[in-house]
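[1] Below is the sequence, then the predicted model.
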Amino acid sequence: MQIVKLLGYLLITSFILVGCSDDDDNNTITNPSQVGNKQPLGSSANDLLSSTRFNSLTIEMVSVEGFEPTQTAINSFRQFLEDRLFKPDGVTINQRTVPSSNTAPFTIEEIVEIENNTRTLFNELDDITVYVYFADGSKEDDTTEQVTLGSAYLNTSMVIYENTLRSLSNRPNSPLLSTIETATLNHEFSHLLGLVNIGTPLQSQHEDSESNGHCNVPSCLMEAAIEFTSGIMGMGDIAPELDAQCIADLQANGGK
């Protein structure tokens, strides 16, 4: 199953749609210790949100050399996690770089293979882990009208197409790169948290009927389409936040 999220960028004379995709295809697991991290998208929402099973969270952030996220985005991402998750023993973000796979543009199957080759941290005792890969290329099916910013594809796995984010940030009147990174990280991780209605039950009807897995509240972080007008481009340099209904969903499933 794929869910494609779109963000509309109105840049002077060109209208560029950008977004993210979620792929919850099951993948063959041969190592029993990895089974808990190779489940369908959204199935670990409560484990990530609450302290029922896991008291801490470790993010294994793996970037292709030269495509590391900005420190501003990492700080904002950490704050987002601390604001929404009950993890009494804290959130740890481990960063490292790896050489390019030289396989861009990527299919989601190729991203899964990269994870299989580079992921080193898995759930252990009361610590749950999430793998985030910053890629040096784009998603394979990108077009001149539609590009993908990130993909959440398993219960604790997501990819950020950093090369695409950087290309967008270099366009005239675009938001800062750190803002685009923050919005993408928070949006994709929110899919791991089960939003919208993909593992975290709805407390009110706010799922977008035309884009499953997204919120129908304007300007919400989980809205499927956000249009940025020429000049300030909508959000400017402030990343969108979760609306009250999305937060209520997370709180009912063990989050803050």
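    Yep, it's here.
[2] Give me the below-cutoff pLDDT ranges for the chain.
    Within the chain, the ranges that satisfy pLDDT under 70 run 1-30, 225-235.
[3] How about the secondary structure of the residue most central in space within it?
    The centroid of the chain falls nearest to Glu188 when counting by CA atoms, centre = their mean (1.8 Å). Three-state call for Glu188 (DSSP: H, G, I helix; E, B strand; the rest coil): helix.
[4] That one against Tyr161, yeah?
    No: applying CB atoms under 8 Å as the test, Glu188 and Tyr161 come out as separate, 10.6 Å apart. Using the backbone N, CA and C atoms, a C-beta is placed for each residue, glycine as well.
[5] what do the two both touch?
    Residues touching both Glu188 and Tyr161 (CB atoms under 8 Å, 6 or more residues apart in numbering): Gly150, Ser151.
[6] that older thread, and the residue nearest to the centre of the chain, how far is that from Glu82?
    Remark: distance between Glu188 and Glu82 (CB to CB, to the nearest Å) = 17 Å.
[7] With Leu49 instead?
    Separation of Leu49 from Glu82 (CB to CB) stands at 12 Å.
[8] the more surrounded of these two?
    Leu49 (26 against 13; other CB atoms under 10 Å).
[9] Helices of the protein, start to end?
    Under the criterion DSSP state H, the chain carries helices at the ranges 45-49, 71-84, 108-118, 162-169, 177-192, 244-252.
[10] Take those helices and lay them out in a markdown table including distance to Ser63.
    Shown next, in a markdown table, are the helices of the chain (distance: least, CB to CB, whole Å):
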| stretch | distance to Ser63 |
| --- | --- |
| helix 45-49 | 22 |
| helix 71-84 | 11 |
| helix 108-118 | 10 |
| helix 162-169 | 7 |
| helix 177-192 | 11 |
| helix 244-252 | 27 |
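[11] who wins for proximity to Gly150 among those helices?
    Nearest to Gly150, of all those, is helix 177-192, at 4.4 Å by CB to CB.
[12] by contact count, what packs against that closest one?
    strand 14-23, helix 71-84, strand 127-134, strand 146-154, strand 157-160, helix 162-169 (3 or more CB pairs under 8 Å, 6 or more residues apart in numbering; DSSP states H and E).
[13] Tabulate the ones you listed in CSV, adding columns for distance to Glu110.
    Shown next, in CSV, are these (distance: least, CB to CB, whole Å):
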stretch, distance to Glu110
strand 14-23, 12
helix 71-84, 24
strand 127-134, 11
strand 146-154, 11
strand 157-160, 10
helix 162-169, 14
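[14] Of those, which is nearest Val64?
    strand 127-134 (6.4 Å).
[15] Quick one: list the elements packing against that closest one.
    Applying 3+ CB pairs under 8 Å, 6+ apart, one finds that strand 127-134 makes contact with helix 45-49, strand 56-64, helix 108-118, strand 157-160, helix 177-192.
[16] circling back to that earlier point, so which of the helices and strands packed on helix 177-192 gets nearest Ser209?
    Taking the helices and strands packed on helix 177-192 one by one with CB to CB, strand 14-23 is closest: 17.2 Å.
[17] What's the separation between Ser56 and Phe122?
    Separation of Ser56 from Phe122 (CB to CB) stands at 14 Å.
[18] follow-up on the earlier one: dump the helices and strands packed on strand 127-134 to CSV, plus distance to Thr72.
    Listed next are the helices and strands packed on strand 127-134 as CSV, based on distance: least, CB to CB, whole Å:
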stretch, distance to Thr72
helix 45-49, 23
strand 56-64, 14
helix 108-118, 25
strand 157-160, 15
helix 177-192, 4
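[19] Thank you, goodbye.
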